[in-house]
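Student: this one's sequence-less:
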């Protein structure tokens, strides 16, 4: 009797053909190919269009996708020869993506999900900054960056792939990609969920606009059908406006949602205030948001859309504050403040502020009113236990208690957002279950959080040392008004003993992060010994959109020309980070080992400054 195992030869399958193998590679690497397409395509005002375009490009990468196989196999085009498997799919995708980069993102019908917009997960400040840098590179530069950082190809390999897919200047594209700062950090960010066009979150589309279009069509049809009957109605017998009757009101979080939520932000704020039941007021606020204009004055922080919400927003507050009726709404990405005067002539105002990715700290308070006289009132989060006022320019003085009403609205306190004299800097000090935080008004709806410490892990401003540094830094916050600032960190990155026993100076790097990610502002300050604790430091360097003093580049180098009490001039410099040496050249020459430098100089001398890290990287000064 033949062994049973011999029968298996009858059911063995033939080895897969080339097309089957390529399809298997396509399925296995589909998410990575979509990520590559999404990164190479240009940014779009609507990220959902870019997501759909990326998937469409990848779907068309597989030969014969979307069509029946031909009866007679066609000859392969020259550009289809070359590597096989995943490498071949990647080259086809790059060739298509580069051809599509200069055209609109939706050149032909694409798959859609009716009633939903599919978006990648929101990134933080680092992801937004990288997105901005990629946009500036151009399509070929983005392709080179993806190959180098995400695919981890060598320089020569990247150059060969770029040339094979038709890039006119592969060397230029490679040089532009290699010029991006922090290669390791860029590689990690490119692999983050913010650039994953397969791990999507669903959001509703422009429901209010669509509802108005549908309603207008229905009304037009109904008018044709019933216009005869309407002629018989008495003049005062008409029904209420369908626009007002059909408008959906704002949603509301449960009163205890913030206690049970795993993440605390504006979405779990309960609706508070004495006018939450005033439907007419809420309708006016929603109508002004949907179609601002006329007497409604609109303002928005930089990078914040003032368009209508994608769906019913959430009500945070509705109440009478000072001489106005105020409504605060939140749509997941923005906080909107509607205010109209109480019993007085004048138009309403509508203020927009971006607040996406807020957490318990950045969602701790909002500006609810500015009653005049340089004062401000805050609405505090339900998890805030105590509030007080602290003057940053008087670090030794204790914080003063601040009253709140039952809705969480604070008493009015002085605002320094418009005080050019900087005689004081009043901040809101809050205490919640996680600690004490300082918030400051910079002329916008969302106050900025103040921090202190090294970029990887700054902490809230609480101890005497942090308050002392902020006392000499606070007045520089005036340059950040109306800039969409989310938080400001003051990092004392070096202490330097001054020549000729002139005491000890501090070097402080101040970095202001924005809600939109781009536009971060960096300042390096020199704090020599002073006769009063609030003496402002000297700003020795400024930069905008620089990664210095941030998570992606936790280092800084700055210098200053300083005169001792005896009259001798010196060039002083300090580096924050792992510096091996600092060197001066040009009008003044010298150098030092480590992160501090002091070299004799003369009045008005100019010198070139640079440093080197422990790994040999050359670091220019902040500018």
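Tutor: The structure has been received and is ready for your questions. Just so we're clear, the structure is a prediction, and the values are computed from it rather than from any experiment.
Student: only C-alpha atoms for contact and neighbour calcs from this point on.
Tutor: Fine.
Student: Helix, strand or coil: sort out residue 368 for me.
Tutor: State at residue 368, reduced to three classes by DSSP: H, G, I helix; E, B strand; the rest coil: strand.
Student: Tell me which stretches of this protein form helices.
Tutor: Secondary structure of the chain by DSSP state H: the helices cover 18-28, 30-40, 47-59, 85-100, 125-137, 139-145, 155-164, 170-178, 183-190, 207-230, 242-246, 257-260, 279-290, 464-471.
Student: for the fifth one, packing partners?
Tutor: Right, the one you point to is helix 125-137. Contacts defined by 3 or more C-alpha pairs under 8 Å, 6 or more residues apart in numbering; DSSP states H and E place helix 125-137 against helix 139-145, helix 183-190.
Student: And for the shortest one?
Tutor: Applying 3+ C-alpha pairs under 8 Å, 6+ apart, one finds that helix 257-260 makes contact with no other helix or strand.
Student: quick one on the thing from earlier: quick check: which of the helices of the chain is buried the most?
Tutor: Sort the helices of the chain by mean neighbour count, taking mean count of other C-alpha atoms under 10 Å, and helix 139-145 sits at the top with a mean of 27.
Student: and that helix, what's its mean pLDDT?
Tutor: Averaged over helix 139-145, pLDDT sits at 91.
Student: One more: stretch 601-613?
Tutor: The model assigns stretch 601-613 a mean pLDDT of 92.
Student: So which residues make contact with that stretch?
Tutor: Stretch 601-613 is contacted by residues 557, 559, 568-571, 575, 577-589, 618-621 when judged by C-alpha atoms under 8 Å, 6 or more residues apart in numbering.
Student: Then stretch 448-459?
Tutor: For stretch 448-459, the surrounding residues in contact (C-alpha under 8 Å, 6+ apart) are 361-362, 437-442, 460-461, 466, 485-493, 549-551, 554.
Student: again with stretch 173-191
Tutor: Contact with stretch 173-191 is made by 126-127, 130, 133, 137, 140-142, 144-146, 148-150, 155, 158-159, 552-553, as judged by C-alpha under 8 Å, 6+ apart.
Student: ok now that stretch, how far from the chain's centre?
Tutor: 19 Å (C-alpha atoms, centre = their mean, to the nearest Å).
Student: Also stretch 473-484?
Tutor: Distance of stretch 473-484 from the chain centroid (C-alpha atoms, centre = their mean) equals 18 Å.
Student: what about that stretch, how long is it end to end?
Tutor: Across its full length, stretch 473-484 reaches 19 Å between end residues, using C-alpha to C-alpha, to the nearest Å.
Student: same question, stretch 496-511
Tutor: For stretch 496-511, the end-to-end distance is 21 Å (C-alpha to C-alpha).
Student: Could you do stretch 465-476 as well?
Tutor: End-to-end distance of stretch 465-476 (C-alpha to C-alpha): 18 Å.
Student: Worst mean pLDDT among the helices of the chain?
Tutor: Note on the helices of the chain: lowest mean pLDDT is at helix 242-246, with a mean of 37.
Student: Is residue 544 in contact with residue 519, as I believe?
Tutor: Yes. Under the criterion of C-alpha atoms under 8 Å, residue 544 makes contact with residue 519 at 6.1 Å.
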